[in-house]
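Asks: for reference, the sequence and a predicted model appear below.
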Amino acid sequence: MKRFIFVAALMATQPLFADSNLPPAYWANRELPDAKQEAQAEQLMEQIRCLVCQGQSIADSDAELAGDMRDLVRRRIAAGEKPQAIRAWLVQRYGTWISYKPTAEPSAWPLWLAPLALLFVGAWLIRRRIRVRDA
Amino acid sequence: MSRAVRFAPLALLLVVIVALIWRLATPTDSNVHSTLDGKRVPEFSLPAALPEKPALSSADLASGSPHLVNVFASWCVPCVTEVKTLQVLRHSGVRVDGIAIRDRPVDLADFLARNGDPYERIGSDAESKVQISLGSSGVPESFIVDGKGVIRYQHIGPIERSDVPMILAKLEQAR
């Protein structure tokens, strides 16, 4: 019984940060009529990180802000803006954090170099082993 | 195999464990900070959120004196307590402007009647457009904008009573 009350109480809880009363933005959940433009928008939306559900893309997120960002992306694509320009505009505001597309900025160099470094270490270790067996 | 090499994996394990403990003890800041700090407020012009209140545009912010721009919403729970702190700031002479995110006039009027109204101007940002262009990632958030319209400070989350002296100092610096 206690458990039942606990579960019932959990189900009755409301999220603390409630959503607004306004409907989603027009282009939040609507595809652009032009299939080519929609494909471009889709591709960009999958690479833009949601600010609310960090770890999801704005294409996947149900957060209202993500919907508003999808609306923004679709509107700009429909107006003829290039996806990389929209990405740059967002990066200018939120930093490279907002984009899932990897960059080659200096702070990311260790990540790019790590696999190579590990490969060299591995090769060196194997070489040593082979030598030991020869002897 | 030399002794040093033999103990290398153990040393590596220790390094990893220490790194993990350190990360657990000091969690990362998951807030996304606007990179516009120190730059001009992007140009915008929002319609009035309430019929009896003036609207807000970027031109209103470059008025010669610093402003506190509060990004808020009537549906935002922490905003309820924050707005009372903003009232305190208002009484000490701070110019507080609001950007209401995804809000309806009815809800907003009700929110202000219930909790107090510290705002000089309120712009209605129904599709979070200006919020996104400011690099803001949620409500409540506040920006200190100096008299030339340059963003000097971004405050993520509600301004608490204990933040008041800090906010006043930042506004003084922006003068």
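Replies: Sure thing, it's come through. Numbering: from 1, shown residues only, chains lettered A, B, ... in the order given.

Asks: after the helix or strand of chain A with the lowest mean pLDDT, next one along is what?
Replies: The weakest-scoring helix or strand in chain A, judged by mean pLDDT, DSSP states H and E, is helix A:2-12 (a mean of 70). Where DSSP states H and E defines the elements, the next helix or strand beyond helix A:2-12 is helix A:35-45.

Asks: so that next one, near chain B or not?
Replies: No - for helix A:35-45, no contact with chain B is found by Cβ under 8 Å from any Cβ of the partner chain; the gap never falls below 13.7 Å. C-beta: built from backbone N, CA, C; applies to glycine.

Asks: buried sites along that helix?
Replies: Neighbour counts over helix A:35-45 (16 or more other Cβ atoms under 10 Å in any protein chain shown) mark A:37-38, A:40-42, A:44-45 as buried.

Asks: domains in chain A, by residue range?
Replies: With domains defined by automatic domain parsing, chain A comprises A:25-101, A:104-135.

Asks: quick one: mean pLDDT over the longest one.
Replies: If you average the pLDDT over domain A:25-101, you get 95.

Asks: same check, this time on the shortest one
Replies: In this model, domain A:104-135 has an average pLDDT of 85.

Asks: so how far is that domain off the chain centroid?
Replies: Centroid separation for domain A:104-135 versus its chain: 30 Å, with Cα atoms, centre = their mean, to the nearest Å.

Asks: determine how far the lengthiest helix in chain B lies from the middle of the whole chain.
Replies: The helix spanning the most residues in chain B, taking DSSP state H as the definition, is helix B:3-25. Centre-to-centre, helix B:3-25 and its host chain are 39 Å apart (Cα atoms, centre = their mean).

Asks: hmm, back to that, please identify the most buried of the domains of chain A.
Replies: Ranked by mean neighbour count, those are led by domain A:25-101 with a mean of 17 (mean count of other Cβ atoms under 10 Å in any protein chain shown).

Asks: start and end of that one, how far apart?
Replies: Taking Cα to Cα, to the nearest Å, the first and last residues of domain A:25-101 lie 26 Å apart.

Asks: how far out from the middle of the chain is it?
Replies: Distance of domain A:25-101 from its chain centroid, counting by Cα atoms, centre = their mean, is 10 Å.
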